[in-house]
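**Q** Take a look and give me a structure for this.
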Amino acid sequence: MLPLGLIIFPYLNIQLNKIKKNKDKKNFFIYGFLFGLGFFNFLFIWLINPFLVYEETKPYFLFSFLFPLFLSVILGFYFIFFKYIRDYLSSIIFIPIIFVFFEILVSNLFYSFPWTIFSLIVSNNFLGLLLIKYFGTHFTSFIVISFFMLPSLFIYRKKIKLYSKIIIFIFIFSISLFVLLINYFSYNNKNYEKNLSFELFQMNNEIKKLNSNDSEKIYQSIIKNIRQSNSEVLIFSENNYPYLVRNLNDLGLNSFLKYNQKLVIGATRHEEGKYFNSLLVLDKNKTNFFDKKILVPFGEFLPLRKHLSFMEAISGSQDFSSGSQNRILDLNDKISFIPIICYEIIFFWKLIDTTNYNADILINITNDSWFGQKIGPYQHFYLSKIKAAEFNKMLIRVSNNGITAIIDNKGNLLQSTNLNQMQKIKGNLSIKNNTNYVKFHKYFNFILLIFFFLQIFLIFNKKNAK
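**A** Coordinates of the predicted model:
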């Protein structure tokens with residue numbers, strides 16, 4: 001889809017410049033709304049699948065179209081801003097900024113859902129992943145859409161003044177210089193290398209062929225896999241442990257582990273009347289855990305339950321609770337990791353902070369079976385690749401139905417499984433320390449903010465001058 005952007009965005013710019021003669025805000029809203037309606041319904045076509053899993057939820061499938069509709073309305077209001085832009089260069093710069101600010105809003109509004117990022121377009125592109133690594137997700141989106149706008153510079157080349165072109169050159173030069181400086185300072189870090197043998201278990205078909213209520217058979221299947229493995233770390237996916245965990249000291253799996261062997265597995269945990277979606281780390285003698293912090297609205301909890309009780313057929317009658325632990329766990333004495341459960345992987349600042357900046361790797365356990373075989377599981381997977389590049393850390397991803405993968409700190413795919421198959425990945429990792437560029441990413445967002453207000457100042461300054 002990448003080349004289409006070079007047609008869509010310049011064409012959008014031409015249409016917006018045409019309707020500037022008509023000062024009616026409604027026209028700008030309609031353009032933004034219709035653009036969003038087509039774009040978001042295409043992007044989220046997979047949202048219908050979770051409603052079709054069970055017979056009792058099928059009548060509610062129309063709810064899957066409400067979210068794209070909601071996003072389209074917001075984008076429509078954003079487009080009204082184009083009414084006030086008269087300069088051709090400003091429109092070329094402002095289209096990327098408007099879309100990126102929309103990304104930031106959706107990533108932080110209400111329960112937030114940072115799935116609509118344009119940097120996803122370059123998540124399987126070497127240069128794109130490099131941009132994500134240095135600049136972060138939002139600024140890369142700005143670069144991607146700015147690239148799409150390049151044909152507009154030729155379309156309006158006679159109407160864009162020389163000083164404007166100089167400003168663009170200075171901006172590009174400044175960003176390039178900043179990257180060189182980051183690289184220079186990163187070489188001063190002390191290097192280390194840590195080795196880890198692992199085995200990942202994608203149990204999709206193995207669980208499917210068993211009765212979903214036959215917990216004991218699933219439990220025995222997990223034990224069988226543990227006994228057959230000699231790897232240091234064994235990782236299963238989200239909620240693979242088939243029983244409700246009430247006591248961490250009574251799981252039973254610890255006794256099957258070999259000495260110096262760790263087990264990572266997802267489970268539902270119950271404590272003091274609350275339910276948690278948890279990631280457990282077991283060894284021979286103890287069990288640690290991390291409870292999911294970012295819950296899925298209408299999936300793991302029902303907002304305004306008293307008023308939306310009719311939706312319990314979708315979300316269930318019991319809400320999960322959000323965890324409170326720091327997002328960091330140890331695999332052994334040398335290697336620590338950032339635990340990430342399911343769709344938490346699509347978030348940015350909620351995953352990494354001063355407590356885990358220096359963690360060695362990311363481990364993401366998930367279950368994408370709700371998405372079916374549509375585009376959803378693949379989007380989720382590529383959003384995970386982005387996170388490996390953005391955090392500059394190796395990612396181990398284990399999905400119950402796929403895609404299970406090892407992704408390096410540059411976002412490159414090292415090993416992976418196929419969707420909806422029962423497969424295992426076994427191997428060794430060489431983990432190296434890498435500069436954490438996340439600390440710099442917020443500065444690029446500030447640059448966008450400065451750019452935004454600078455454009456507003458210039459617009460109103462010209463308006464007052466007239």
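
**Q** Report the buried residues of stretch 107-119.
**A** Going by neighbour count (16 or more other Cβ atoms under 10 Å), the buried part of stretch 107-119 is 107, 112-119. Yep, even glycine has a C-beta here, placed from its N, CA and C like the rest.

**Q** just curious, which of the residues you listed is nearest to Ser430?
**A** Ser119 (27.5 Å; Cβ to Cβ).

**Q** can you give me the helices for the stretch 351-466 of the chain?
**A** 376-391, 438-465 (DSSP state H, counting those that start in this stretch).

**Q** still on that earlier bit, format the buried residues of stretch 107-119 as JSON lines; extra columns: secondary structure.
**A** Shown next, in JSON lines, are those (DSSP: H, G, I helix; E, B strand; the rest coil):
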{"residue": "Ser107", "secondary structure": "helix"}
{"residue": "Ser112", "secondary structure": "coil"}
{"residue": "Phe113", "secondary structure": "coil"}
{"residue": "Pro114", "secondary structure": "coil"}
{"residue": "Trp115", "secondary structure": "coil"}
{"residue": "Thr116", "secondary structure": "coil"}
{"residue": "Ile117", "secondary structure": "coil"}
{"residue": "Phe118", "secondary structure": "helix"}
{"residue": "Ser119", "secondary structure": "helix"}
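
**Q** Out of these, which comes closest to Pro59?
**A** When those are compared against Pro59 (criterion: Cβ to Cβ), the nearest one is Phe113, at 24.1 Å.

**Q** The closest one is in contact with Ile74, isn't it?
**A** No - applying Cβ atoms under 8 Å, one finds Phe113 not in contact with Ile74, separated by 11.8 Å.

**Q** what touches both of those two?
**A** Here Phe113 and Ile74 share the contacting residues Val106, scored by Cβ atoms under 8 Å, 6 or more residues apart in numbering.

**Q** so where is the chain shaky, pLDDT-wise?
**A** 1, 21-23, 86-87, 89, 157-192, 205-213, 304, 307-316, 455-456, 458-466 (pLDDT under 70).

**Q** Please repeat the previous calculation with a cut-off of 50.
**A** Within the chain, the stretches with pLDDT under 50 are 187-188.

**Q** Find the nearest non-adjacent residue to the residue nearest the centre of it, please.
**A** The chain has Ile346 as the residue nearest its centroid, 1.8 Å off, counting by Cα atoms, centre = their mean. In space, and not counting its chain neighbours, Ile346 is closest to Leu383: 4.8 Å by Cβ to Cβ, 6 or more residues apart in numbering.

**Q** Nearest approach to Asn240 belongs to which of the helices of the stretch 351-466 of the chain?
**A** helix 376-391 (17.2 Å).

**Q** which helices and strands does the closest one pack with?
**A** helix 126-135, strand 361-366, strand 394-399, strand 405-407, helix 438-465 (3 or more Cβ pairs under 8 Å, 6 or more residues apart in numbering; DSSP states H and E).

**Q** can you do 7 Å?
**A** Applying 3 or more Cβ pairs under 7 Å, 6 or more residues apart in numbering; DSSP states H and E, we find helix 376-391 packed against helix 126-135, strand 361-366, strand 394-399, strand 405-407.

**Q** Could you point out which of those sits nearest Phe81?
**A** So among the helices and strands packed on helix 376-391, helix 126-135 is nearest, using Cβ to Cβ, at 23.8 Å.

**Q** picking that back up, and of the helices of the stretch 351-466 of the chain, who's closest to Thr417?
**A** helix 376-391 (10.6 Å).

**Q** quick one: the closest one to chain centroid distance?
**A** 6 Å (Cα atoms, centre = their mean, to the nearest Å).

**Q** Based on its surroundings, how many neighbours for the residue lying closest to Tyr156 once chain neighbours are set aside?
**A** Using Cβ to Cβ, 6+ apart and skipping residues adjacent in sequence, the residue nearest Tyr156 is Tyr88, 4.4 Å away. Tyr88 sits with 20 neighbouring residues when counted by other Cβ atoms under 10 Å.

**Q** ok, now how distant is Tyr88 from Met149?
**A** Per Cβ to Cβ, to the nearest Å, Tyr88 is found 11 Å from Met149.

**Q** same question, Ser255
**A** 61 Å.

**Q** Between those two, tell me which one has more neighbours.
**A** Neighbours were counted for Ser255 and for Met149 using other Cβ under 10 Å; Met149 has more, 22 against 9.

**Q** In stretch 142-154, which residues are buried?
**A** 142-149, 151-153.

**Q** and what of stretch 421-431?
**A** 422-423, 425, 429, 431.

**Q** Nearest to Leu2 among the helices and strands packed on helix 376-391 would be which one?
**A** Nearest of these (Cβ to Cβ): helix 126-135, 8.9 Å.

**Q** Name the residues that touch that closest one?
**A** 119, 122-123, 140, 143, 179, 182, 386, 389-390, 392, 410-411, 437, 441, 444 (Cβ atoms under 7 Å, 6 or more residues apart in numbering).

**Q** Count the residues that sit near the residue nearest to Ile346.
**A** 20.

**Q** which residues sit in contact with it?
**A** 115, 120, 345-346.

**Q** of all these, which comes closest to Leu196?
**A** For the contacts of Leu383, the nearest to Leu196 is Ile345 (20.2 Å; Cβ to Cβ).

**Q** three-state assignment of the closest one?
**A** Secondary structure for Ile345, judged by three-state DSSP, is helix.

**Q** these two touch, right, it and Asn364?
**A** Yes - counting by Cβ atoms under 7 Å, Ile345 touches Asn364, with 4.9 Å between them.

**Q** which of the two has more neighbours?
**A** Asn364 (29 against 23).

**Q** Tell me what that one is bridged to.
**A** Per DSSP bridges, the residues bridged to Asn364 are Ile340, Arg397.

**Q** Then Cys269 would be within a strand, right?
**A** Cys isn't right for residue 269; it's Arg. Yes - assessed with three-state DSSP, Arg269 lies in a strand.

**Q** That one contacts Val245, doesn't it?
**A** Yes - look at Arg269 against Val245 with Cβ under 7 Å: they come within range, at 4.5 Å.

**Q** which of the two has more neighbours?
**A** Arg269 (24 against 18).

**Q** Nothing else from me, thank you.
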